[in-house]
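K.L.:
Predicted model and sequence below, questions to follow.
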Amino acid sequence: MSTYARTPLRAAIATAALAGALLAPAAAFAATPGQTPATSTCHVTKSVASEQLGMTVTLANDLANGPKAELKDGKGKVVATVDRAHPTDLSAGIKLEAATGGKAVFFQRSQGGDTAWKSQPFPALPKECAATPGVVTYKLVNGETVAVGKLGTGHYRAEFVTNGKVVLILETNGEDADGYVHGMHVVLNATTGKLMSEFTDGRAGCTVTKVVPSVFGAGMSVKLTNSVQGPKAVLRDASLKALATADRAHPVDGRYGVRIDGANTATPKLGQRTQGGTMPYRYTAFPKLPAGCASTAPAKNPATTPAAVVNTPVQNGGQTTVVPKGAVAAGAEFKQGGEGKGLMIAGAAGAAVAAGAGVFVLRRRAGSTN
């Protein structure tokens, strides 16, 4: 059962509509439900009937900005909006789900609770929009292909799908972007538009690896390696360049606030923090050694006391965006995994193909240069 009461939404929306009516110009008028879509290059709109009495919904689909739905009162005043950045407005009873190729579905209902949603597709973009210049396709390490579109200088966008639904969006807009999806860590470069990928989990004999997010700002990650020689953690930037390393012999890197607790045990843990002093570490367990693999003797006299953290990286306005739950939530995997086979950058023809699971994290940082 939903956390909000199962009562008609009309009262709340009517209040907003009344306020809009008092402020709207006298010349305002309502759009006609079901009108023919109006197109302009790679932008198309259509007005449809609302589940709310006396209201309409304008559906807009745009190649660069994605789908948007506006709920309007009888005077044409917008009282609620959903779009790619904010796909759900439960108080207004409207939401949308975007997919690849400019496709999207609009949902609406007149009551809350477990009332069923009514759906209809957004107007389709013209066929010529599918062949927009500036789109490059990359083949990832798991075999799928993903198209990267250039929207402007330093502004690139890539969509990952599961069962035809978008589950992760990487968009640079001047900042590198990375995320975790389909068993991979993926990074979109803001300078070149290249899409890089690596498996999050891997094993080679008695060596296991895992890639996890870092606390040091968007785009950064940590590669954890565990073997018979002991654990090793490498802090990397968005280009996967090593910034700091901790291992059994040197379990603490005080410059970057990275350490390994239990480096001489079978259960080592990575500790990360962005400041020194009394700020606590955030811990992540290393992957366990495979059965039958025994750790060798520990290094002599390893450092045990963490040094003061100095010159820690500044978080460059990184942003985290969780793709909405719902139809895409089944089999969700969250913002971590591990790694194995190496980084892969390759161009290939094809459309975006996906398999895997549902809720993902998108993080961004200042664009790197090559």
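P.N.:
Sure, I can see it. Every value quoted in this text rests on a predicted model; they were computed, and no experiment measured them.

K.L.:
three-state assignment of the nearest residue to Thr172 once chain neighbours are set aside?
P.N.:
The shortest distance from Thr172 to any non-neighbouring residue, by CB to CB, 6 or more residues apart in numbering, is to Ala190 (3.7 Å). Any C-beta I mention is one placed from the backbone N, CA and C, and that applies to glycine too. Three-state assignment for Ala190 (DSSP: H, G, I helix; E, B strand; the rest coil): coil.

K.L.:
residues contacting Ala190?
P.N.:
154-156, 172-177, 367-368 (CB atoms under 8 Å, 6 or more residues apart in numbering).

K.L.:
Using JSON lines, please lay out those together with pLDDT and secondary structure.
P.N.:
Output for the contacts of Ala190, formatted as JSON lines (pLDDT from 0 to 100; DSSP: H, G, I helix; E, B strand; the rest coil):
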{"residue": "Gly154", "pLDDT": "84", "secondary structure": "coil"}
{"residue": "His155", "pLDDT": "87", "secondary structure": "strand"}
{"residue": "Tyr156", "pLDDT": "89", "secondary structure": "strand"}
{"residue": "Thr172", "pLDDT": "87", "secondary structure": "coil"}
{"residue": "Asn173", "pLDDT": "80", "secondary structure": "coil"}
{"residue": "Gly174", "pLDDT": "83", "secondary structure": "coil"}
{"residue": "Glu175", "pLDDT": "84", "secondary structure": "strand"}
{"residue": "Asp176", "pLDDT": "87", "secondary structure": "strand"}
{"residue": "Ala177", "pLDDT": "88", "secondary structure": "strand"}
{"residue": "Gly367", "pLDDT": "47", "secondary structure": "coil"}
{"residue": "Ser368", "pLDDT": "46", "secondary structure": "coil"}
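
K.L.:
got a winner among those for most neighbours?
P.N.:
Counting neighbours by other CB atoms under 10 Å, Ala177 leads the contacts of Ala190 with 30 neighbours.

K.L.:
ok, that one touching Glu159?
P.N.:
No: taking CB atoms under 8 Å as the definition, Ala177 is not a contact partner of Glu159, at 11.9 Å.

K.L.:
Okay, now the sheet partners of the host helix or strand of Arg157, with direction.
P.N.:
Under the criterion of DSSP states H and E, Arg157 resides in strand 155-162. Here strand 155-162 has these sheet partners by DSSP bridges: strand 145-152 (antiparallel), strand 165-171 (antiparallel).

K.L.:
Could you identify which of those strands is most buried?
P.N.:
strand 165-171 (a mean of 23; mean count of other CB atoms under 10 Å).

K.L.:
Give me the mean pLDDT for it.
P.N.:
The average pLDDT for strand 165-171 rounds to 88.

K.L.:
Alpha carbons of it, in CSV - could you do that?
P.N.:
This file holds the C-alpha atoms of strand 165-171, laid out as CSV (Å, rounded to 0.1, in the frame of the first residue of the first chain):
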residue,chain,number,x,y,z
LYS,A,165,13.9,0.3,-20.6
VAL,A,166,16.6,2.8,-19.7
VAL,A,167,18.3,1.9,-16.4
LEU,A,168,21.4,4.1,-16.6
ILE,A,169,22.1,7.4,-18.3
LEU,A,170,25.7,8.8,-18.5
GLU,A,171,25.7,12.5,-19.5
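
K.L.:
Not counting its own residues, what contacts the one helix or strand Val57 maps to?
P.N.:
Taking DSSP H and E as the definition, Val57 sits inside strand 56-62. With CB under 8 Å, 6+ apart as the contact definition, strand 56-62 has outside contacts at 30-33, 42-50, 67-72, 94, 102, 104, 106, 108, 122-125.

K.L.:
Among these, name the ones in strands.
P.N.:
Residues of the contacts of strand 56-62 located in strands (DSSP state E): 43-49, 67-72, 94, 104, 106, 108.
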